[in-house]
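Peer 1: below: sequence and its predicted model.
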Amino acid sequence: LAKTTQPISMDSYEGQEVNITCSHNNIATNDYITWYQQFPSQGPRFIIQGYKTKVTNEVASLFIPADRKSSTLSLPRVSLSDTAVYYCLFLSPGSARQLTFGSGTQLTVLP
Amino acid sequence: NAGVMQNPRHLVRRRGQEARLRCSPMKGHSHVYWYRQLPEEGLKFMVYLQKENIIDESGMPKERFSAEFPKEGPSILRIQQVVRGDSAAYFCASKGQGTYEQYFGPGTRLTVT
């Protein structure tokens, strides 16, 4: 089973751009890279998903190099409310497979 | 469209008692997943159900734990004879047929005293 590696924690200041990188050496051909966000005492929430190159939505951007062995979640101009744990996962469209969560990255945004 | 609902949000049980956790999926969703999260850890898959069927229970402890998703009503995760090690946050997620995104509920925090 493919495994992801992320930094355990990161600190940032309000207004800065934050980049969280995830390594996934043996990602399957059909897998999409997916990021979830979890606030304390809440369930995880889907942020963004991509297969390769770059994806952008109203919340974040996702950069995936051609070899797909890593991905970078980019959060522009973070605020205090972005303090959360961020998980990098795999998903196969149409698959009913369960999600496999690693330890995630605890992002702390400081004033 | 209401999101995934779980109740109770907090549950306290003494050792040896039974815990029943309920999950109502989003409207129209027929796939339900249960996950457990221990303090300072990521979520761990427990069981995947569709209406009236257990599809994958490979993450569920062999004893004391059971799950169901009846034709009518919420999905239930049942833990018999709870022990202190069962204290955790239990999340359910639901998914629609043919889609991939799982939507999570707010979780039930079980404390065993």
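Peer 2: Arrived safely.
Peer 1: my guess is A:Asn57 meets A:Ile48, correct?
Peer 2: Yes - A:Asn57 lies in contact with A:Ile48 (CB atoms under 8 Å); the separation is 5.6 Å. Every C-beta, even on glycine, is put in place using the N, C-alpha and C of the backbone.
Peer 1: tell me which of those two has more neighbours.
Peer 2: Ranked by neighbour count (other CB atoms under 10 Å in any protein chain shown), A:Asn57 and A:Ile48 place A:Ile48 first, with 20 against 11.
Peer 1: got a list of what the more buried one touches?
Peer 2: Contacts for A:Ile48 (CB atoms under 8 Å, 6 or more residues apart in numbering or on different chains) come out as A:34-35, A:55, A:57, A:59-62, A:73.
Peer 1: so it, which state does it fall into?
Peer 2: strand (DSSP: H, G, I helix; E, B strand; the rest coil).
Peer 1: mind checking how far it is from chain B?
Peer 2: Going from A:Ile48 to chain B by CB to the nearest CB, to the nearest Å gives 11 Å.
Peer 1: look at that residue and report its pLDDT.
Peer 2: Looking at A:Ile48, its pLDDT reads 93.
Peer 1: which pLDDT value belongs to the spatially most central residue of chain A?
Peer 2: By CA atoms, centre = their mean, chain A has its centre lying nearest to A:Trp35, at 3.5 Å. Model confidence at A:Trp35, given as pLDDT, is 94.
Peer 1: check contacts around it.
Peer 2: A:Trp35 sits next to A:22, A:46-49, A:60, A:62, A:73, A:86-89 when contact means CB under 8 Å, 6+ apart.
Peer 1: with distance to B:Glu52 as extra columns, can I get those in CSV?
Peer 2: Putting the contacts of A:Trp35 into CSV (distance: CB to CB, whole Å) gives the following:
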residue, distance to B:Glu52
A:Cys22, 37
A:Phe46, 27
A:Ile47, 33
A:Ile48, 34
A:Gln49, 30
A:Ala60, 38
A:Leu62, 37
A:Leu73, 38
A:Tyr86, 36
A:Tyr87, 31
A:Cys88, 34
A:Leu89, 28
